[in-house]
Structure formats: structure tokens, C-alpha cells
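>>> Here is my input; please provide its structure:
(2 chains)
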Number of protein chains: 2
Amino acid sequence: MVEDMKVQAQKAKKAAQLLATVSTQKKNNFLDDLAQRLESEQSRIEQENQRDVKNAVKNNMKPGYIDRLILNEKRIHGMADGLRQVAALADPVGEVISGWKRPNGLLVTKVRVPLGVLAIIYEARPNVTIDSIGLGIKSGNALVLRGSSSTLNSNRLLTLFARESLLQCSLPENSVQLIESTSHDDIAQLLTLREYIDVAIPRGGAGLIHNVVNHSQVPVIETGVGNCHVYVDEEADLSMAERIVVNAKTQRPSVCNAAETLLVHQGIAQVFLPQITSSLKQAGVEIRGCEQARQIIPDLVPATDDDWKIEYLDLIIAVKVVKDLNEAVEHINTYGTHHSESIITENYSNARNFMDKIDSAAVYVNASTRFTDGEQFGLGAEIGISTQKLHARGPMGLQELTTIKYVVYGTGQIRNA
Amino acid sequence: MVEDMKVQAQKAKKAAQLLATVSTQKKNNFLDDLAQRLESEQSRIEQENQRDVKNAVKNNMKPGYIDRLILNEKRIHGMADGLRQVAALADPVGEVISGWKRPNGLLVTKVRVPLGVLAIIYEARPNVTIDSIGLGIKSGNALVLRGSSSTLNSNRLLTLFARESLLQCSLPENSVQLIESTSHDDIAQLLTLREYIDVAIPRGGAGLIHNVVNHSQVPVIETGVGNCHVYVDEEADLSMAERIVVNAKTQRPSVCNAAETLLVHQGIAQVFLPQITSSLKQAGVEIRGCEQARQIIPDLVPATDDDWKIEYLDLIIAVKVVKDLNEAVEHINTYGTHHSESIITENYSNARNFMDKIDSAAVYVNASTRFTDGEQFGLGAEIGISTQKLHARGPMGLQELTTIKYVVYGTGQIRNA
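Okay, here's the model as predicted:
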């Protein structure tokens, strides 16, 4: 099985070398062809997907997970639309980012090129298969896909369609490789294939990401875990603060940019806590408070140290009263996941201090953390939100799936010293 | 020992948070102060360094390695000058790379910030200590330095001076941490400290780099190993080709951008090989040829498959006759290290094909591979040459030691869908 994966990775590498220089038109044709194919093959996709769903039910998978696994008409159109949206985005490949002439006449240019082969490791969401193929191929990269064993039937068919569309559009069909092995050891093996795989991107929960990071010899881009904070400063507009906190927590609690902890300056806690806890409770949110918060609102669940660390992804929020902005910053940089944090304040210096000192991918003043997203930032579709600092940080769009190459034009220059 | 390293890494992380927002002026003052300190403490440095040199002699270290280890007056001035050059470079931190307003009024800005904590793992070259400190601090990063045990006395004194200069300039002295442990297991442990170290940069030979890549859970930037190629096309200007090949091989054979393999198109091999082998031999180069090359120049050493892979770093070159440009590209992408490659040709289409298809950090037309270097490219001092694709590729200057952060200015925006 390991040998097979290696062969697949090698094939992807070969394909990537061809893909790197194909025209934007060809890549867009592929995206349109695949979109159409998904729509015209809807019933076949639903049929294969049902096999996965039945297995999941048989295996007592949680209803929430089964829901993510289902492909119905609406979701199949959603995948197709996603591909068409990617087709409409600008092709990042080939951009001459900068260029200059050296005193000796060498013309140095910095050109944007694909990364090569992306290994995407993900969970039981078959839409991620199509999503990754769309963004990957548009940015000129080949893909090695390793989804969950519980979506194998769906993923097999979806990648088959992708390969048919590649062939149809005269692109190398080996650009898309599905790893069918369901063994965890095999993932670990896959992540040693540094020679063929340029980057591994885990897309899923904290456990998956941790596992990939720990096992990979291939460079990894860490995505997604978001323990996001809203800090309500002493000089906040409290009704704005209330709107933002409720939005950041409740508008879609299951996603990584939802807020998980509310920090409140002690100077306004007495006034703001009754107001915000009442709104949050009305929205069905469970509130876990620190000692000081519970002195003001006694019926809060006591927060433990773990509550400062957890990404609930649920209608639960931790609340802590802090002495000042510095304690808020310290708390966030210690317990956060460097994803998205917001300060609510009317004080210029406090806003600036927060922006400077918070070590996260996105830092907001007076806005909901829910905006950390490729579409919301105006970058187009995204493959995830990087919470690491190397290569990409924040929402990763097409540009983050590329690297650069120096192309240097000489006229016979040699180096003398 | 492991606990100590963890404490050092934690201290560096704390220091990094402070360093991230200090003014350029303060950082430049530090660089100047350290430069002056090195020069005024020259005799003390030479004295400590002599202890390392004596140990190295006692341990039968190879003369070439001992040479790299020595700090004399000239080299100490060289280090000081290096720091002053870095002071003169633009500070990358704080640059607003781009910014735009969204339809809902959110102002999204992309700001350059330091990476945080750099772990530099290197060999018995004490100048790398000062070099790394200069580039690291100027780009707002704290450093965890792990040099060779054979330079421990020198490194101790150099980092002590750096910490004195930090204090002197009101910068956090913990920004520079020297790991004194000489155990290889400890390096492996160091490279698990993902919570405190943002990136590991190995600076040294292939063995060191391989070791760091294999053990690191911290993101690594691979640097340095260069199996560089010059391909002399059928339509090359042969006298230009000769000058470039000799320069790329002999001008400084011990560095990563020196050429290690010469590929010659079969159509000109009969004419070019006698000419180039004679010049190379004159320059003292040992030539290892493929079967076809040896039919033309019978006295070449026969090349084995290993010769296509090796970074000689010496006056040795491997020569292979290829059928055409495609075979040259195929050979380079298979055996190369994705560092620097050059085509010598007067044919426009061949030049373009080569530039497009070669998967290396730097691709040249009609120039020596020896130009792949931060200074030669006009980027200023460099911390190494990245041969991986993630984050940085090619010469890594100050900018490559930074990441970005999205700073988003709102006026109360919440997300509705």
C-alpha cells in the first residue's frame, strides 16, 4: 500500500510539471467541464454518496457528522458553482511580481509559479474533494487527496469525474490522485514523501491537524483551529460591543472564526456583564465565567483553566474580567490559537496597542471576528485559514497556493568576486 | 537540559513579543553598538576563539573546518561590517503591503510583522552567530541559536556581547539565546517546541539539514544544498559557454551556487567538450564523464549514477551529453536540488522552455549560477538560500524573516450571512 501511495505521489509530481505551464484558458475549461459533469451526473453522485451514508448510519456516526457527509441536489450545485467561481478568479501563475536590473546588466525577475503537489488531508466532507481540486488546479498544482474512509465511495466517483474532465480538457489526468488507504500509518508514510509532495494541508479538526503536524516531514500549512476572542475595552461603545459579541458568538458557532472567549475590562464589567449575559442567554448561549464575572452574575457556570483553551464550536462562551488591556493581550497570546481577535473600543491608543501586540492572523477593531474568511476579505474562495506564520497567514486563496522562482536574464555575465 | 532549553525558548518568545514593535532606530542602535563592541573586544574574542581552535586541533578536525572556525582581526572586522550593512538596510517590519475597503466599510490591511522566534541550527562557523543575530534582530525576531559544540567558547562570548548590546540599547536581552547542550537528542527536543519557536533554519551541510527536516515539528526552511547545473544548448555561443562554465565551477567551488554538473547537447559535444575539458583541466578541475562524453574525451573519469546527485563543493565536475533540451530538463529536475541552473543558448524558444520547465529557485539564461546570492541579487545580506517552495525560495533576506498579519479597521460591522 505504501508503494502504491509512492507511485501515486510520483505520478502527481510528473503531472505537476506539465500543469505548471498550461494556459489559464485550459484550466478554466477544466473547471467548467467538471462543474457541468457534476450537475449532469447528479443522480450517480447521490447514489454513491448514499452508500457512504448507509455505512455511516450502520457505524453509528453522529448525526452532525452524517449531515456533513451528505451530497444532495443543492450541495452538488453548490460544488459546481464553487468551481465556476474559481474559474472567474484571476490566475496567479505567471505573474511577474517584481524585476530589476543589476549594475552588471543581469535582469532579475521574481515570477509566481505553482507550489507543485499539494497533499490535502481531510475529514468526512466530500465537498472538500471538489473544492480542493478547483483551487489546486486553477493555481497549477497537482493534488494528492486523502479524505476520510467514510466518504470513500463519494470521493472515488468525484475524483473519477475530475480525471475525466482533465482528460477531456487535454490536461494530465494524473493531476488528481485519491489515496484510498484507510490506515493511519499510511498517512504518516504519505507525509514522508518529501521528494514528491511540496506541501501538506490538513483540513479538519484539531486532532487531524495535530496528527499531520506531528508526523509530517513534508512542509505543513496549519489551518483552522480558532479560539477567537473579543475584548471589550473600558472605553467601548457598549451597545456596539453587545452587537459584535452576540454576532461573533452566535451567527455561526460551528466555524473557526466564531468567538469562544469574551474578555471584559473591569471598569465596565459591572455595567456590561448584565447586559451581554442577558443577550447571550436569550440567544441560547451557555456562559462560563471567571470568579470576578460570577461575583457580578452569580448564576454563570464556573470557568476552569480549560475553558480558556477550548474551541467550543458550539453555543458556549467563556467570560473573563481583566484588569486592563495588557492582561487581555497577555491572555489572548497565551491561550489563543493566533486566529482572530477583536477589540471594541473608542480609544485610539488602546486600539493601536491591541493591533500591535496581538500575535494573530487577523486583528480587528470594532468588528466581528466572523469576517476572517477569503470571501469576506475579498480574496475569493479559500482553501483554509492558516494559523501559522510561515508562507501563509489568515485566509489562503489561490495566491497562497503558489511560490516564486527567480528567472534571471543574462548576456554572458560571470562573477568576479 | 531539555527543561532548560524550553525555558530559554519561552524567554525568547516573551522577548519576541516586545521586539516586534520596537522602532527601527533602536534596532539600528543595537547593530551599531554590537559592531563596535566586537571591534573593541577583539583580543578577548580571539582569546576565547583560540580555546576552540586548540580543542579542534586536539580532536584532529580537518584543516578546512578549522579554517572556518578561526576568528582573526580581519574576520572580526568583517562581522562588525556585516552588522553595519544590515543597519543600513530598510526595516521590513510595519510595511503595509496592501489594503482595501470592503463594501461593508471594513478596511482590510495586510501588514508585515516579524516571524517571532527563529531557531538557527548551524555548524562550526562562529561568524554565523553574529550574522544571524544581525538579520534576526533587524527583522524584529528573537533567536535561539544552536551552533556546533566545537565553537562553544566563541559563541558564548559573542552571544554575551549581543546580550550586553541589547541591554545597552533598551532591548530585551532575552532576544538572544544560546543553546549550550551538545547532545543531538537535545536538538531533536528543541525542534518539538512548536509553541515557542516559529521557524527553524538549518545553516550547514546536507547532513545537518536532513537531520533538522526529519526531526522538526517546528516549520523548517531548508537552505543551502546546491547541486547546480549548466546546460550548454545546441545553439549556444560556445566561447560564452566556456567562460560561464569555468566561472560557475571554479570561481568559488566550496559554495552552494557553484556548478556541479555540466550538461552538453549532443549536437555540439564533439566541438565543445575538447574545448571545455581543456579549460577545466587547466583550472585544476577533475572531470567525471558519462559514456558518451568519454567517447569524445577518453581520459575522463567514468561518472557513476552518484555523480549526478553529489554536491562536490570541490574542483570536480560531472559531465553528461544529452539528446536534447528535454533530456537536460528531465535530468536537472530528477537529480538536482532545485537551487540554481543555467542554460547557455542563443535560441529564444529553448531559453523560454528551460525557464518554464526547470523547477528551481533560480533559473538563468546566459549567466553563471554563482549569482544566486542576496547581495548579488540586490536584496542585501541573506540568511541562506531556500531550496524549498514554502514561504521563501532563493536568497532569504530580511523580508523573508517576516510574515504578515491582517489588521482590520471596523466601525461596528457584524456578519449577516
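
>>> The residue in the stretch 201-350 of chain A positioned nearest to chain B - how many residues pack around it?
Using Cβ to the nearest Cβ, the point where the stretch 201-350 of chain A gets nearest to chain B is residue A:247, with a distance of 3.6 Å. Where C-beta positions appear, they are placed from N, C-alpha and C, glycine not excepted. For residue A:247, the count of nearby residues is 23 (other Cβ atoms under 10 Å in any protein chain shown).

>>> would it count as being in a helix?
Yes - membership of residue A:247 in a helix is supported by DSSP: H, G, I helix; E, B strand; the rest coil.

>>> got a list of what it touches?
A:368, A:370, B:414, B:415 (Cβ atoms under 8 Å, 6 or more residues apart in numbering or on different chains).

>>> One more pass at 6 Å, please.
By Cβ atoms under 6 Å, 6 or more residues apart in numbering or on different chains, the residues touching residue A:247 are A:368, B:414.

>>> Could you check the pLDDT of it?
Predicted confidence (pLDDT) for residue A:247: 98.

>>> do the same with residue A:217
Looking at residue A:217, the pLDDT reads 87.

>>> Determine the three-state secondary structure at it.
Per three-state DSSP, residue A:217 ends up coil.

>>> May I ask you to name the longest strand in chain A?
strand A:402-413 (DSSP state E).

>>> Show me what it is packed up against.
The contact analysis (3 or more Cβ pairs under 6 Å, 6 or more residues apart in numbering or on different chains; DSSP states H and E) places strand A:402-413 against strand A:107-114, strand B:362-367.

>>> let's see it at 8 Å
Helices and strands touching strand A:402-413, by 3 or more Cβ pairs under 8 Å, 6 or more residues apart in numbering or on different chains; DSSP states H and E, are strand A:107-114, helix B:238-250, strand B:362-367, strand B:394-395.

>>> Which of those sits closest to residue A:48?
strand A:107-114 (30.2 Å; Cβ to Cβ).

>>> relative to strand A:402-413, how tilted is that closest one?
In terms of direction (axes from the mean of the first three to the mean of the last three Cα atoms, to 10 degrees), strand A:107-114 departs from strand A:402-413 by 150 degrees.

>>> Not counting its own residues, what contacts the helix or strand following strand A:107-114?
Beyond strand A:107-114 on the C-terminal side, the first helix or strand identified by DSSP states H and E is strand A:117-122. Residues outside strand A:117-122 that contact it (Cβ under 8 Å, 6+ apart): A:9, A:12-13, A:16, A:128-129, A:132, A:136, A:141-148, A:187, A:190-191, A:196-204, A:208, A:212, A:218, A:383, A:401.

>>> quick one: contacts for the nearest residue to residue A:222 once chain neighbours are set aside?
Once flanking residues are discounted, residue A:222 sits nearest to residue A:388: 4.4 Å by Cβ to Cβ, 6 or more residues apart in numbering or on different chains. By Cβ under 8 Å, 6+ apart, the residues touching residue A:388 are A:221, A:222, A:338, B:219.

>>> again, only this time at 7 Å
A:221, A:222, B:219 (Cβ atoms under 7 Å, 6 or more residues apart in numbering or on different chains).

>>> A helix includes it, no?
No - the assignment for residue A:388 by three-state DSSP gives coil, which leaves it out of any helix.

>>> just to revisit the earlier point, same list (the helices and strands packed on strand A:402-413) but as TSV, adding distance to residue A:40.
Shown next, in TSV, are the helices and strands packed on strand A:402-413 (distance: least, Cβ to Cβ, whole Å):
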stretch	distance to residue A:40
strand A:107-114	29
helix B:238-250	55
strand B:362-367	42
strand B:394-395	45
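
>>> just for the stretch 301-417 of chain A, where's the confidence low?
The stretch 301-417 of chain A contains no residues with pLDDT under 70.

>>> hey, where'd the helices end up in it?
Using DSSP state H, counting those that start in this stretch, the helices of the stretch 301-417 of chain A run over residues A:325-335, A:348-357, A:374-377.

>>> Give me the domain ranges for chain A.
For chain A, automatic domain parsing gives the domain ranges A:2-224+A:386-408, A:228-371.

>>> Most neighbours of all the contacts of residue A:388, which one?
residue A:221 (27 neighbours).

>>> all strands of the stretch 151-300 of chain A, in order?
A:176-178, A:199-203, A:228-232, A:259-265, A:286-289 (DSSP state E, counting those that start in this stretch).

>>> Can I get the second one in CSV? Just the C-alpha atoms.
Put plainly, it is strand A:199-203. C-alpha atoms of strand A:199-203 as CSV (Å, rounded to 0.1, in the frame of the first residue of the first chain):
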residue,chain,number,x,y,z
VAL,A,199,3.1,20.9,1.0
ALA,A,200,0.6,19.1,3.1
ILE,A,201,-2.6,21.0,4.1
PRO,A,202,-4.7,19.3,6.8
ARG,A,203,-8.4,20.5,6.6
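
>>> ok, now how distant is the residue of the stretch 201-350 of chain A closest to chain B from residue B:163?
Look at residue A:247 and residue B:163: by Cβ to Cβ, to the nearest Å, they are 47 Å apart.

>>> Confidence-wise, which of the strands of the stretch 151-300 of chain A is weakest overall?
Looking at these, the weakest mean confidence is strand A:199-203, a mean of 93.

>>> how about that strand, does it get close to chain B?
Yes - residues of strand A:199-203 are located near chain B by Cβ under 7 Å from any Cβ of the partner chain, namely residue A:199.

>>> Same question for that strand: list its buried residues.
Neighbour-count burial for strand A:199-203 flags A:199, A:200, A:201, A:202, A:203 (criterion: 16 or more other Cβ atoms under 10 Å in any protein chain shown).

>>> Verify the stated contact: the second one with residue A:218.
Yes - under the criterion of Cβ atoms under 7 Å, residue A:200 lies in contact with residue A:218, with a separation of 4.7 Å.

>>> Give me the common contacts of the two.
Contacts common to residue A:200 and residue A:218, judged by Cβ under 7 Å, 6+ apart, are A:119, A:191.

>>> still on that earlier bit, okay, the helices of the stretch 301-417 of chain A in TSV with mean neighbour count and distance to residue B:405 next?
Listed next are the helices of the stretch 301-417 of chain A as TSV, based on neighbours: other Cβ atoms under 10 Å in any protein chain shown; distance: least, Cβ to Cβ, whole Å:
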stretch	mean neighbour count	distance to residue B:405
helix A:325-335	18	13
helix A:348-357	18	8
helix A:374-377	18	13
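
>>> Export the ones you listed as TSV, with columns for distance to chain B.
Conversion of the helices of the stretch 301-417 of chain A to TSV gives the following (distance: least, Cβ to the nearest Cβ, whole Å):
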stretch	distance to chain B
helix A:325-335	7
helix A:348-357	5
helix A:374-377	5
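
>>> between the ones you listed, which one is nearest to residue A:110?
Nearest to residue A:110 among these is helix A:374-377; the distance by Cβ to Cβ comes to 23.9 Å.

>>> So what touches that closest one?
Here helix A:374-377 has contacts from A:380, A:381, A:382, A:395, A:397, B:108, using Cβ under 7 Å, 6+ apart.

>>> Off-centre distance for that helix?
12 Å (Cα atoms, centre = their mean, to the nearest Å).

>>> Next, the contact list for the closest residue to residue A:224 other than its chain neighbours, please.
The shortest distance from residue A:224 to any non-neighbouring residue, by Cβ to Cβ, 6+ apart, is to residue A:256 (4.9 Å). By Cβ under 7 Å, 6+ apart, the contact set of residue A:256 is A:224, A:225, A:226, A:339, A:385.

>>> Beta-bridge partners for residue A:142, please?
Per DSSP bridges, the residues bridged to residue A:142 are residue A:117.

>>> returning to that earlier point: can I get the domains of chain A in TSV including distance to residue B:177?
Shown next, in TSV, are the domains of chain A (distance: least, Cβ to Cβ, whole Å):
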stretch	distance to residue B:177
domain A:2-224+A:386-408	19
domain A:228-371	19
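
>>> Indicate which one of these is closest to residue B:363.
domain A:2-224+A:386-408 (5.3 Å).

>>> What does the residue nearest to residue A:274 when sequence neighbours are not counted show for phi and psi?
Leaving aside its sequence neighbours, residue A:274 sits nearest to residue A:297 (Cβ to Cβ, 6+ apart; 6.6 Å). When read as degrees, to the nearest 10, the backbone of residue A:297 gives phi -120, psi 90.
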